[in-house]
Structure formats: structure tokens, C-alpha cells
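S.K.: below are the sequence and a predicted model for it; my questions follow.
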Amino acid sequence: MDNSHIKTAGTALMGWWRATTLDALIVGGIWFAGLELIGVAFAPLWALFGALLQFIPTYGGMIAVIGPVLAVAFSGHDEYRLGFVLGLYGLIAVLEGLVIGPYILHRTTRVPWWAAFFGPIVLGIVIPFWGVLLAPPLLAVIFAFVRPKAVSPR
């Protein structure tokens with residue numbers, strides 16, 4: 001393999017890592033704002049966990065909601081706030097999966113929106129766990145080679 005191929009793949013993976021980090025920061029910010037509005041105890045801590053767990057595909061968001069749910073459950077019989085926390089989780093999951101994640105991956109790497117959206121779904125069907133885990137970085141590398149940067153005229 002040529003040294004330029006390794007550089008192209010490395011650059012694509014660094015772009016994917018930047019996209020994943022930015023995605024996690026945005027999700028953490030949404031968690032913080034939502035939990036503060038709902039009035040959940042330790043909202044900054046749960047938002048930090050939500051941002052960090054965003055790096056775990058598929059299961060990270062589900063694990064992140066456990067802390068706020070337990071905080072509301074142990075604070076008393078407040079089913080409305082518990083419903084709001086679960087609704088916030090649903091909103092974050094939909095926004096991140098359909099809008100934020102594909103958009104950031106498209107803006108940071110050259111992966112088209114449709115590929116960022118459908119890639120994990122298709123690979124998740126073909127290779128159930130590993131397909132979802134590997135789809136975003138694999139797409140970043142594939143589209144780095146498929147759509148090389150245009151050379152600017154001098």
C-alpha cells in the first residue's frame with residue numbers, strides 16, 4: 001500500500017473522530033439543557049455521562065438515560081418528570097440518529113448524508129453488532145478514496 005493511501009485513510013479517520021467528538025459535545029449540551037429545564041438532580045454529571053457514552057454506538061444512549069431516570073425515581077413520586085426525562089431521551093435519540101450524526105459526519109468528512117444515515121442500518125443488518133459499530137469510520141475511509149479532493153487550479 002502506498003504511503004498516500006495510509007495518509008488518506010488516517011485523515012479520514014481523524015475527520016470521523018472529530019465528527020464523533022463534536023456529536024458527543026452537542027448531545028451532552030442537549031442533555032444538560034433538557035435536564036436543567038426538567039429539574040433533575042446532578043444534571044451536569046448526567047450530561048457529562050451522556051456525552052461520554054455517546055462514543056458507544058447504539059447502547060451508549062440507552063446507558064446514559066439510566067442515571068437521570070434513577071435520580072428522578074429516587075427524588076419522590078414524580079411520574080411527570082420521569083416521563084419528561086424519557087421523552088428527552090427519545091428526542092435526543094431521534095435528533096442524533098436522524099439529523100445531528102449524519103449532518104456532522106457529512107460536514108466533517110465527505111460522507112454524503114444518505115450514506116451516513118443508511119450505512120449503519122444496512123451494515124447492522126449484514127453484520128448485526130459490528131456493522132453498526134464500524135459503519136461510520138468505514139464510510140469515512142471509503143468516501144475519502146471514492147471522492148478525492150479536487151485539485152485547485154493555480
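M.R.: Cool, the structure landed.
S.K.: residue boundaries of the strands in this protein?
M.R.: All residues of the chain lie outside strands when identified by DSSP state E.
S.K.: let me see the contact set for residue 103.
M.R.: By CB atoms under 8 Å, 6 or more residues apart in numbering, the contact set of residue 103 is residue 113. No exception for glycine: its C-beta is placed from N, CA and C like everyone else's.
S.K.: and the longest helix for the chain?
M.R.: Among the elements of type helix in the chain, defined by DSSP state H, the one spanning the most residues is helix 3-38.
S.K.: so how far is that one off the chain centroid?
M.R.: Its chain's average C-alpha position is 7 Å from that of helix 3-38, according to CA atoms, centre = their mean, to the nearest Å.
S.K.: for that helix, name the packing helices and strands.
M.R.: Helices and strands in packing contact with helix 3-38 are listed as helix 43-53, helix 66-74, helix 79-95, helix 101-108, helix 128-146; criterion 3 or more CB pairs under 8 Å, 6 or more residues apart in numbering; DSSP states H and E.
S.K.: please name whichever of these is nearest to residue 32.
M.R.: Counting by CB to CB, residue 32 lies closest to helix 43-53 out of the helices and strands packed on helix 3-38; the figure is 3.5 Å.
S.K.: what's that closest one in contact with?
M.R.: By CB under 8 Å, 6+ apart, the list of residues contacting helix 43-53 from outside reads 24-25, 27-29, 31-32, 35-36, 40, 60-61, 63-64, 67-68, 71, 92.
S.K.: all set, thanks.
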